[in-house]
Structure formats: structure tokens, C-alpha cells
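**Student:** this one's structure only:
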């Protein structure tokens, strides 16, 4: 769980766009936090805040993260490309 995450990082972590693109959207007054348009990327959000871009609410996926542990036996290759 997070607290006080910058708005551009929140938007980028949701998968909507990159952090730089989020800052551009904020500069264009297209981002709302709790039904108020923001005009500066120096805005912090909490998990309870409602964030919307062009009226579409951005889902808070931050709480969906989990930690997975995996036992990797010796000799098991975990890659998309095997150079050997």
C-alpha cells in the first residue's frame, strides 16, 4: 500500500500512459483528482482519492500488487531468450 504518491507516478503505474505523458495531460488540464481539475504535477494522491482523465476514472491498481516467491531449481532457465 502507498500513501502520498505523486499523481504522474500514480497514472503511469496504472498503465494509462508514461509519467512524462501524464505530466503533459496534467498541463493540458485533463486530469481530475476528487472531481477537481489539477494544473500542476506537484499533487499527491492517496488510495482513497478518485483520479480521472478526460472523465474516465483510473483504477487504483497499486493495491493489486503482490509478492510471489518462486523456488528456481539449479539448471532451470527463466528467460525469453536462451543464448546457450
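**Tutor:** Nice, thanks for sending it over. If you're wondering where the values come from, they're calculated on a predicted model, not measured in any experiment.
**Student:** Please report phi then psi for residue 56.
**Tutor:** phi -90, psi 120 (degrees, to the nearest 10).
**Student:** Verify the stated contact: residue 27 with residue 37.
**Tutor:** No. Applying Cβ atoms under 8 Å as the test, residue 27 and residue 37 come out as separate, 11.5 Å apart. Backbone N, C-alpha and C define where each C-beta goes, glycine included.
**Student:** Flag the shaky bits of this protein, pLDDT-wise.
**Tutor:** 1-3, 61-66, 82, 84 (pLDDT under 70).
**Student:** Which residue lies nearest the spatial centre of this structure?
**Tutor:** residue 13 (1.5 Å; Cα atoms, centre = their mean).
**Student:** Please identify the helix or strand for residue 9.
**Tutor:** helix 7-13 (DSSP states H and E).
**Student:** now the strands: where do they sit in this structure?
**Tutor:** 5-6, 31-33, 36-37, 44-45, 51-53, 56-57 (DSSP state E).
**Student:** Any chance of JSON lines for the ones you listed, columns distance to residue 71?
**Tutor:** Below are the strands of the chain laid out as JSON lines (distance: least, Cβ to Cβ, whole Å):
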{"stretch": "strand 5-6", "distance to residue 71": "32"}
{"stretch": "strand 31-33", "distance to residue 71": "42"}
{"stretch": "strand 36-37", "distance to residue 71": "48"}
{"stretch": "strand 44-45", "distance to residue 71": "37"}
{"stretch": "strand 51-53", "distance to residue 71": "38"}
{"stretch": "strand 56-57", "distance to residue 71": "39"}
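**Student:** Just put those strands in a markdown table and tack on distance to residue 67 and mean neighbour count.
**Tutor:** A markdown table is the format used below for the strands of the chain (distance: least, Cβ to Cβ, whole Å; neighbours: other Cβ atoms under 10 Å):
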| stretch | distance to residue 67 | mean neighbour count |
| --- | --- | --- |
| strand 5-6 | 19 | 16 |
| strand 31-33 | 29 | 20 |
| strand 36-37 | 35 | 10 |
| strand 44-45 | 23 | 18 |
| strand 51-53 | 25 | 18 |
| strand 56-57 | 27 | 10 |
